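# generate coordinates for the sequence data below:
(chains A and B)
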Amino acid sequence: MTSPGAQGGGALATRGGATAKRMKWALELSLGNSSRNRGDRQSKDGDVMYPVGYSDKPVPDTSVQEADRNLVEKRCWDVALGPLKQIPMNLFIMYMSGNTISIFPIMMVCMMAWRPIQALMSMSATFKLLESSSQQWLQGLVYLVGNLLGSALAIYKCQSMGLLPTHSSDWLAFIEPPQRLEIMGGGMVM
Amino acid sequence: MAWLVVRLAISVSLLYTASAVFEDQVGKFDWRQQFIGKVRFALFDTHSQASKKLLVATDKNVFASLNSRTGDLFWRHVDKTGPEGHIDVLLMYGQDAVVVVGNGRLLRSWETTVGGLKWETVLDTGSFQAATLVGVQDYVKHVAVLKKSAISLHDLSSGSQIWVENLPDSDTVQYQTIYSGGNGLVFVLGVVPNSHIVIVEYKIEDGEIMNKKSVEAAWMSSLENSCTVISSGILLCADQITQSLYTLPLQSAEQKEMRQIHLQTLDLEVASGFQPVLTSTRPNPAQPPLSEFFLQLSPDHHILLQLKDGLIAPLRDFNPSYLAAFATSGERTVAAVMSPKNDTACSINLFSADTGRRHLDTTIIYHMDPNGGKPNRLYVHAFLKKDDSVGYRVMVQTEDHTLTFLQQPGRVVWMREEALADVVTMEMVDLPFTGTQAELEGEFGKKADGLLPMVLKRLSSQFILLQAWLAHLWKLFYDARKPRSSVKNEVTIDILSRDEFNLQKMMVMVTASGKLFGIDSKSGTILWKQYLENIQPNSVFKLIVQRTTAHFPHPPQCTLLIKDKDTGLGSLYVFNPIFGKKSQISVPALPRPVLQTLLLPVIDQDYAKVLLLIDDQYKVTAFPSTKNVLQQLQDTASSIFFYLVDSSQGKLSGFRLRKDLSTELIWEVVIPAEVQKIVAVKGKRANEHVHSQGRVMGDRSVLYKYLNPNLLAVITESTDTHQERSFVGIFLIDGVTGRIVHEAVQRKARGPVHFVHSENWVVYVYWNSKFRRNEFSVLELFEGAELYNSTVFSSLDRPHPPQVLQQSYIFPAPISTLEATLTEKGITSRHLLVGLPSGNILSLPKMFLDPRRPEVVSEQSREENLIPYAPEMPIREEWFINYNQTVSRVRGIYTAPSGLESTCLVVAYGLDIYQTRVFPSKQFDVLKDDYDYVLISSVLFGLFFATMISKRLAEVKLLNRAWR
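Residues are numbered from 1 along each chain as shown, chains lettered A, B, ... in the order given. Have a look, this model is predicted:
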């Protein structure tokens, strides 16, 4: 939608760059002429003088067409299915990184766990994105499920790496020593 | 391959535990003090004027040389303990010191400058009586040794035996003394009690009997105590009953009777019941003794007498006088006499021996330590001054085994506290806060009385803190200006305060002589000492800390229970462990023999823990016994139990306290004394904390420890000592219920057994008589995968027996003592401290003594960091916590937690005392000593400035680019 203007600006800049060889700066007022000599000739001829920024190409129609509706729908599904599509990739990374606790697997797991959580936190933004779609609720649900699956996968990875405090040994340090009920002492007869 | 893995695992595990002191850490937090024991013989080296040597032989079988200027040891030889190494006599001639060891077993000659052994001869059997140097024509060439039935003569330079002769009629005559006057003859003097004296004359060259005679002496029972030889071979004896002196020339053949001289004729009288003591002197062993001698008539009355032409004449009467001694320098012999000056001081004066005239300006004032014992020996070192007058120094030995070296006019040159060579028990007590800290502490202790006063109080204490801080800064500044050498780290009781991590503590040591010491654990300085008089030599001591320093403003309080073994009666001595002062608290009288004590966690209103004393009728006395305490005791009586172990009857009995402070017997276990004897019983230490309640398995489940605080480990040894049938037994008994939790028997084993009982394990060491080696055995108790009751522990409600695991290992050295490290919270891994007879202290990781060490390595055991089982226990030199500072005859190791979880304070005591710190899991909570503060801070500052500068540069660059 803004591309024609940008094209014009670009032409202006390149031409300015080309002319920089001889003079510090120059404003080319004519458009579409590749040759400077010809432009000079044309201006000498004096047939057309266009204002700055004028393009004689037709501007494309940017209003939403009926055909684009499908495109939007598709785009929204892309967004909704994104997390699900990542799962095979994650599985592969999980498999490759192994269960040893070292810096890289930990970083992987952190990334894997953090991304779904981040996505779930910004659910409202995603919903806004999906607003234009007719299957907004379904897509939202799929997106949610995908992210939940992703985080479940991360938790599973943590579990297999032994990072989850699921064993009794993980809570051992918090057990208080039992209080003794009897007081006892004595020894050999002195 | 598997073997390789095992070795790798071991080496990796060693990597974690290997820890030794770095060279620059030597002496930084450890110290050693060497002692010799109670001095029995002391000789000054008078060989040359400049000599600083003082040779001593002690009751601890130590032969040493001291520097008489500083009191330090030049060298020290520690012989075997017991009668085998007992030093019978010490003789000195020139550079040689001749010693008879082990009741006449060995004759040794030592070179005194470096302490090297010149020669050693094994003597014939027979109990030792006397030894003397034998001189011929002004030179000493021989040493004669008198045994019960034989006399032998040895060459002084080589030790070779020249001759040995049996003594005539040795079954009836008690030969006791030997004398040689330097004229080629050796006289052996024997006595038939209450009948006659026998004198046998031997020729030095070949041991031929020249003459033998007997002289009537019906009044005499023993030669040793009452007789001496003076002048040119005249035997002089004193008798208390007839109140007379007797003389007899040894060489004269005609005199058949001793000449009696009544003391009354000299206007003297022996105190009733006092055995008179004669002291003669012999400046040169090759020549006869002098004719002057001291006669002690009563404990504080000496008289200097002279024998001239067969007549005894008094030269000078010293009344009162405590001690008297002769000393010789060159040709001049002097006598030093200690007389009382006033209540706290004695004066020592020098007198000429031949005339009894007092030397001018020779007074030494000896100040008696009010907390010490009375002087009982005097050793004099006389020397010639430049103006040819006689100067002298004295060494005073007191009842509490203290040696004090004095010079004129009473300056104490050095002092040795030899009582510390026999430490019986000790405790470490936290030091108090400084005054300011205590002030702050006290503020929180006070009762709240309104908002404004509280604020004011807070402000005032803050102001005091500020003041103290400024004073501290000023002191730092002031000290920094002084040269380094003059800033001495003198530790006195006044500046003593707790350090940041509570690493410095007060060591309260109780010695066998009854002297108590307070020693600063950081420097080893003796801060206070207290001699308790009238302590029987075989008393039993028990030291109890009743109140720690934590209860400001109440002073800390220690109680020492002293029990006399003979009468069985005990007494309590209550004192402040920081200042050593006797407490004013009234102590309960103990009319009946005390059997045991029990320190309760119950405290009275003054925060002192209650001590229960059980007498032989099983009645209990509480100390302190205020109303409050008695009320508390009545409330908790049903949960107070105690046990008594009677080793002679092989009986263990448990009692429960009743409300009226009597007791009832609730259980009894009898271990037949005919078969096995109970040698030791140990419970757990009261101040021990166990952080982890279980052990994590390889599959991440938990194996819970069986942490029974009432568990007792009882060690028995078989009465049959035959190597095939002897055994060592261990019983784990619950002290409340009497239930035998576990028992194990080690066959073909015998003691002595050393053991440690802590947490859920018992480690014990015994001698395996089959394989002839020392073995370690470890027992660990577990509850299993579930805790029966995780909130309270009651011995009365334990339905399930624990799982017991055991493993044994070979230890390649004999051991002297065993102890375990102790830390504040029990998080740090435990090490065992093993005192070796070599004097080293080995810090052995408990990890090596783990009955779960697998024989076959598995994934799970590797996960658990278990070292694969290997029967041999390694000893690595870097595990010796005392590097080359060996502790002779280490008898006990005391461990105490410090304020740092990683650090455990260790004191090893025996003949020497060694104090250090150990870090079983390394210093995980402290920055290392060599931590580079300068580098780290300079890097930090450097980075900070670099960021600032580069930020500025980046800004400039951006601006420039924008302008382009």
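# skipping its backbone neighbours, what lies nearest B:Pro812 in space?
Spatially, and ignoring its direct neighbours in sequence, B:Pro812 is nearest to B:Ile875 (6.0 Å; C-beta to C-beta, 6 or more residues apart in numbering or on different chains). Just so you know, the C-beta spots here come from the backbone N, C-alpha and C atoms, and that holds for glycine as well.
# for the one you found, pull up the helix or strand it's in.
Assigned by DSSP states H and E, B:Ile875 belongs to no helix or strand.
# tell me the contacts of it?
Contacts for B:Ile875 (C-beta atoms under 8 Å, 6 or more residues apart in numbering or on different chains) come out as B:Phe811, B:Pro812, B:Ala813, B:Leu842.
# ok, it to chain A distance?
Computed as C-beta to the nearest C-beta, to the nearest Å, the B:Ile875 to chain A distance reads 32 Å.
# what about that residue, distance to B:Phe641?
41 Å (C-beta to C-beta, to the nearest Å).
# where's the closest residue to B:Val587 other than its chain neighbours, which helix or strand?
Spatial nearest neighbour of B:Val587, excluding adjacent residues (C-beta to C-beta, 6+ apart): B:Leu572 at 4.6 Å. With secondary structure defined by DSSP H and E, B:Leu572 is part of strand B:570-575.
# tell me which parts of chain A are close to chain B?
A:162, A:167-170, A:172-173, A:175-190 (C-beta under 8 Å from any C-beta of the partner chain).
# any idea of the mean pLDDT in the host helix or strand of B:Ala324?
Using DSSP H and E, B:Ala324 sits within strand B:323-329. The pLDDT scores in strand B:323-329 average 87.
# ok, stretch B:584-601 next?
88.
# which residues in chain A form helices?
A:3-19, A:36-45, A:66-97, A:103-121, A:123-129, A:136-161 (DSSP state H).
# so which elements touch the last one?
Judged by 3 or more C-beta pairs under 8 Å, 6 or more residues apart in numbering or on different chains; DSSP states H and E, helix A:136-161 is in contact with helix A:66-97, helix A:103-121, helix A:123-129.
# please redo it, this time with the cut-off set to 7 Å
Helices and strands touching helix A:136-161, by 3 or more C-beta pairs under 7 Å, 6 or more residues apart in numbering or on different chains; DSSP states H and E, are helix A:66-97, helix A:103-121.
# let's have those in a markdown table, adding mean pLDDT and mean neighbour count.
A markdown table is the format used below for those (pLDDT from 0 to 100; neighbours: other C-beta atoms under 10 Å in any protein chain shown):
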| stretch | mean pLDDT | mean neighbour count |
| --- | --- | --- |
| helix A:66-97 | 84 | 14 |
| helix A:103-121 | 87 | 15 |
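# quick one: low-confidence ranges for chain A?
By pLDDT under 70, the weakly predicted segments of chain A are A:1-22, A:29-48, A:61-67.
# B:Ala324: which of the helices of chain A is closest?
helix A:103-121 (83.6 Å; C-beta to C-beta).
# quick one: the closest one to helix A:136-161, angle?
150 degrees (axes from the mean of the first three to the mean of the last three C-alpha atoms, to 10 degrees).
# off-centre distance for helix A:103-121?
Relative to its parent chain, helix A:103-121 has a centroid offset of 15 Å by C-alpha atoms, centre = their mean, to the nearest Å.
# show me where pLDDT drops low in chain B?
B:1-19, B:253-255, B:435-449, B:482-495.
# what about the longest strand in it?
strand B:773-784 (DSSP state E).
# do the same with chain A
strand A:183-188.
# other residues contacting it?
Strand A:183-188 is contacted from outside by B:596, B:598-601, B:639-645, B:647, B:681, B:710, B:735-736, using C-beta atoms under 7 Å, 6 or more residues apart in numbering or on different chains.
# so what strands line up beside that strand?
Within its sheet, and counting by DSSP bridges, strand A:183-188 is paired with strand B:640-646 (parallel).
# contact partners for residue 83?
Reading this off chain A. Contacts of A:Pro83 (C-beta under 7 Å, 6+ apart): A:Pro116, A:Ala119, A:Tyr143, A:Gly146, A:Asn147, A:Gly150.
# my question was about chain B, not that one.
By C-beta under 7 Å, 6+ apart, the neighbours of B:Pro83 are B:Gly102, B:Asn103.
# can you rerun that using 6 Å?
Residues in contact with B:Pro83 (C-beta atoms under 6 Å, 6 or more residues apart in numbering or on different chains) are B:Asn103.
# and it, that one's in a strand?
No: remark: B:Pro83 does not belong to a strand; assigned using DSSP: H, G, I helix; E, B strand; the rest coil, it is helix.
# how much space separates it from chain A?
26 Å.
# re the thing from before, mind checking which of the contacts of strand A:183-188 are buried?
B:596, B:598-600, B:639-645, B:647, B:681, B:710, B:735-736 (16 or more other C-beta atoms under 10 Å in any protein chain shown).
# B:Phe501: what's its closest spatial neighbour, skipping adjacent residues?
B:Gly899 (4.3 Å).
# touching, the one you found and B:Glu500? I think so.
No: the pair B:Gly899 / B:Glu500 is not scored as a contact, 7.6 Å apart, by C-beta atoms under 6 Å.
# show me which of those two is the more surrounded one.
B:Gly899 (15 against 8; other C-beta atoms under 10 Å in any protein chain shown).
# can you say which helix or strand has that one in it?
Counting by DSSP H and E, B:Gly899 is found in no helix or strand.
# let's see stretch B:194-207 as PDB, backbone CA atoms only.
C-alpha atoms of stretch B:194-207 as PDB (Å, rounded to 0.1, in the frame of the first residue of the first chain):
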ATOM      1  CA  ASN B 194      66.400 -53.800 112.800                       C
ATOM      2  CA  SER B 195      69.600 -55.900 113.100                       C
ATOM      3  CA  HIS B 196      72.800 -54.800 111.400                       C
ATOM      4  CA  ILE B 197      74.400 -53.000 108.400                       C
ATOM      5  CA  VAL B 198      76.500 -55.000 105.900                       C
ATOM      6  CA  ILE B 199      79.300 -53.300 104.100                       C
ATOM      7  CA  VAL B 200      81.100 -55.000 101.200                       C
ATOM      8  CA  GLU B 201      84.200 -53.600  99.600                       C
ATOM      9  CA  TYR B 202      85.000 -54.400  96.000                       C
ATOM     10  CA  LYS B 203      88.100 -53.700  94.100                       C
ATOM     11  CA  ILE B 204      87.400 -51.600  90.900                       C
ATOM     12  CA  GLU B 205      89.800 -53.500  88.700                       C
ATOM     13  CA  ASP B 206      88.400 -57.000  88.900                       C
ATOM     14  CA  GLY B 207      85.500 -57.000  91.300                       C
END
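# residues making contact with it?
Here stretch B:194-207 has contacts from B:163, B:165, B:173, B:184-191, B:210-218, B:250, using C-beta under 6 Å, 6+ apart.
# in strands, which of these appear?
B:163, B:165, B:185-191, B:210-216.
# and of these, the nearest to chain A?
Distance to chain A across the ones in strands among the contacts of stretch B:194-207 (C-beta to the nearest C-beta) is lowest for B:Val191, with 42.8 Å.
# how many residues are close by the closest one?
23.
# repeat for the one 4 residues further on
By the other C-beta under 10 Å criterion, the neighbourhood of B:Ser195 contains 15 residues.
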